[in-house]
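K.L.:
kindly generate the corresponding structure for this input.
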Amino acid sequence: MPVLVVLPTYNEILNIESMLRTLRDTVPQCEILVVDDASPDGTGQRAEALASEVGQVHVLHRLKKDGLGGAYRAGFAWAIERGYEYCVEMDCDFSHRPEDLPLLLEASKNVDVVIGSRYVRGGSIPKWTLRRRLLSRGGNQYASLMLGLGVADSTAGFRVYATSALKRMEYSTVSADGYGFQIEMTYRARRAGCSIVEVPIAFSDRVLGESKMSGAIVIEALWLVTKWAVQRPFRR
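P.N.:
Model (predicted):
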């Protein structure tokens, strides 16, 4: 089951070595593709230096910072061209715990898309404030209701995709970024008839480095959900 972990990075010099070594210890059967957006702090160069030592690590250098969605599209294309059967999405900041990845991979054997979910039974967000939980949960419920997703955590960024499903979803034309990218991918998976399973995970905020999330990304996602909902074919 050839699996590629796609790891987008921008200024993750404080996390990249620990993440690569932890992934190698936790999922030794997986290969890793670091997709670096020309990080000024040298993340891409550090990943290159670690590649041979850690093993089965590849680095894709992009010319500029071009968003999470663009990084994943580039990573998926790289994987499909080389014949991988599964792609993993996860963050480099340890908000997605590598020790949860074997559970997602096990679930992927029978489905097209596996989502590491904070909002199914057993999932948790230990350090979030109540206000942040309510905003996130409310946004997910809005997206699920408006788009008929039937998914509790459509903004989750810890996932496993079968590359055959990515092709059916026409991932290369997904235009959204940030939260919107994850929602659009979920929506496309549903429209393409892909099977989706949510696996509970514990989500933690980053400890090292700075968050790339902004209010503008959240607003973009809500606007896109509303637009897609208006464009949905009416079904009686």
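K.L.:
which residues in this protein form strands?
P.N.:
3-9, 31-36, 57-61, 86-89, 113-117, 159-162, 196-200 (DSSP state E).
K.L.:
quick one: the first one to chain centroid distance?
P.N.:
Centroid displacement of strand 3-9 relative to its chain, using CA atoms, centre = their mean, to the nearest Å, is 9 Å.
K.L.:
pLDDT on it, on average?
P.N.:
Mean per-residue pLDDT for strand 3-9: 97.
K.L.:
strand partners of it, parallel vs antiparallel please.
P.N.:
strand 31-36 (parallel), strand 86-89 (parallel) (DSSP bridges).
K.L.:
for the nearest residue to Arg82 once chain neighbours are set aside, what are its contacts?
P.N.:
Excluding the flanking residues, the one nearest Arg82 by CB to CB, 6 or more residues apart in numbering is Leu4, at 7.9 Å. For glycine as for every other residue, the C-beta is placed from the backbone atoms N, C-alpha and C. For Leu4, the contacting residues are 30-33, 75, 78-79, 82, 84, 86-88, by CB atoms under 8 Å, 6 or more residues apart in numbering.
K.L.:
low-confidence bits of this protein, can you list those?
P.N.:
1, 205-221, 223, 232-236 (pLDDT under 70).
K.L.:
mind listing the helices for the protein?
P.N.:
Remark: helices assigned in the chain by DSSP state H are 16-26, 43-54, 67-81, 101-107, 130-147, 163-169, 178-191, 215-231.
K.L.:
make CSV from those and add mean neighbour count and distance to Pro8 to it.
P.N.:
Formatted as CSV, those follow (neighbours: other CB atoms under 10 Å; distance: least, CB to CB, whole Å):
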stretch, mean neighbour count, distance to Pro8
helix 16-26, 18, 11
helix 43-54, 18, 10
helix 67-81, 20, 4
helix 101-107, 18, 16
helix 130-147, 15, 20
helix 163-169, 20, 16
helix 178-191, 24, 11
helix 215-231, 15, 14
